[in-house]
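J.: next come a sequence and a model predicted from it.
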Amino acid sequence: MKKNIAILMGGYSSEYQISLKSGNVVYQHLSRNVYNLYRIHIFRDKWVYVDDHDEEFPVDRHDFSISPGKEKINFDGVFIAIHGSPGEDGYLQAYLDLLNIPHTSCGFYQAALTFNKRDCLSVLKAYDIPCATSFYLNKGDEISTSDIVARVGMPCFVKANKAGSSFGVSKVHREEDLMQAIEYSFKEDDEIIIESFLDGTEVSVGVIRYRGETTVLPITEIVSENDFFDYNAKYMGQSQEITPARLPDEMTAKVSEIAKKVYEILKLSGFSRSEYIIVNDVPHLLEINTIPGMTAESILPQQAGVAGISLGDLFDNAVAEALKK
């Protein structure tokens with residue numbers, strides 16, 4: 001008998017449109033010979049099942065079920081394709097765990113930790129994972145731009161602490177522009193991380209559980225046409241994403257080893273994509289994304305393709321691994 005699989009998309013953050021694209025790609029490529037597939041849109045004002053005619057049916061949040069007809073449908077597993085809250089910060093994982101419904105993401109604690117850049121980097125620094133020098137701000141703090149510059153230098157990056165897809169991120173070249181960048185980041189989050197600029201080669205590394213093994217995918221080199229890998233570079237084609245990256249074999253092995261170590265230190269499962277800047281032959285971790293983009297143009301699916309893993313195989317494997325839990 002075929003398993004009922006819900007594909008969750010949407011979300012509460014600025015990334016909801018990207019999530020809808022990711023979710024629909026998953027819906028198109030997951031095997032209908034093995035699974036009954038259901039698109040679930042999750043927004044602040046509604047949780048609904050959307051059928052192939054775009055008709056909406058409410059989700060019963062008590063047991064995460066739907067009733068599009070006379071028969072009630074429960075789910076055997078969930079593919080989470082929500083970037084940002086509540087899909088990437090642990091809320092949905094905790095909810096599904098309480099209902100004993102397996103899902104393709106990591107655990108709720110790991111999701112919450114990796115979504116919080118400051119906390120995640122603090123944990124990994126204890127394991128000697130190199131990171132940029134950073135300065136933290138919470139909304140309401142007194143702000144001394146001179147203190148910030150003294151710690152991180154110029155230029156620097158100002159980032160919303162709990163946001164993805166480069167929302168709330170600015171590269172600042174002059175101290176007099178810091179406050180504007182800080183205010184911009186506070187529009188996305190009430191916590192900010194300000195990091196020193198690392199001048200080096202930027203790479204992205206996908207790590208997944210594939211057929212029961214932790215697998216590092218071919219590395220992608222990021223060459224942005226803009227000042228940094230911002231939203232337009234990521235989603236509007238204003239960058240080159242070169243897979244495999246143009247790295248010496250020794251550096252490829254070094255970055256892959258660190259990415260796998262990070263995945264295992266944090267006890268991740270499912271998908272992850274971590275970003276690094278290589279400076280003086282040292283890969284510095286920027287952040288970890290546990291629900292990366294899943295469109296055909298997204299980085300992790302590109303990496304899987306180079307590794308000989310089709311979108312269908314990538315997604316089917318994720319569900320199969322989840323159902324083992």
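T.: Thanks, I have it. Residues are numbered from 1 along each chain as shown.
J.: helices of the stretch 151-300 of the chain, start to end?
T.: Listed in chain order, the helices of the stretch 151-300 of the chain (DSSP state H, counting those that start in this stretch) span residues 178-186, 231-235, 249-265, 299-306.
J.: please spell out which residue in this structure sits farthest from the middle.
T.: Relative to the C-alpha centroid of the chain, counting by CA atoms, centre = their mean, Lys70 is the outermost residue, at 37.2 Å.
J.: against Thr220, how distant is that one?
T.: Taking CB to CB, to the nearest Å as the measure, Lys70 and Thr220 are separated by 48 Å. C-betas here are computed from N, CA, C, even on glycine.
J.: ok, Pro130 next?
T.: Counting by CB to CB, the gap from Pro130 to Thr220 is 20 Å.
J.: more neighbours: which of the two?
T.: Taking Pro130 and Thr220 together and counting by other CB atoms under 10 Å, Thr220 has the greater number of neighbours (23 against 15).
J.: partners of that one in the sheet?
T.: Note on Thr220: beta-bridge partners Ser204, judged by DSSP bridges.
J.: now do the same contact list for it.
T.: Residues touching Thr220, when contacts are defined by CB atoms under 8 Å, 6 or more residues apart in numbering, comprise Val203, Ser204, Val205, Gly206, Glu241, Ile242, Thr243, Pro244, Ala245, Ile299, Gln302, Gln303.
J.: let's go with 7 Å and repeat that
T.: Val203, Ser204, Glu241, Ile242, Thr243, Ala245, Ile299, Gln302, Gln303 (CB atoms under 7 Å, 6 or more residues apart in numbering).
J.: per-residue pLDDT, it?
T.: According to the per-residue confidence, Thr220 scores 98 in pLDDT.
J.: out of the helices of the stretch 151-300 of the chain, nearest to Gly84?
T.: If you check each of the helices of the stretch 151-300 of the chain against Gly84 by CB to CB, helix 231-235 wins as the nearest, at 13.1 Å.
J.: domain assignment for this protein?
T.: What automatic domain parsing lists as the domains of the chain is 3-105, 113-129+199-324, 134-196.
J.: start to end distance for the last one?
T.: In this case it means domain 134-196. Separation of the first and last residues of domain 134-196 by CA to CA, to the nearest Å is 6 Å.
J.: show the average pLDDT along that domain.
T.: Rounded mean pLDDT across domain 134-196 is 92.
J.: in three-state terms, label the residue farthest from the centre of the chain for me.
T.: The assignment at Lys70 comes out as coil when based on DSSP: H, G, I helix; E, B strand; the rest coil.
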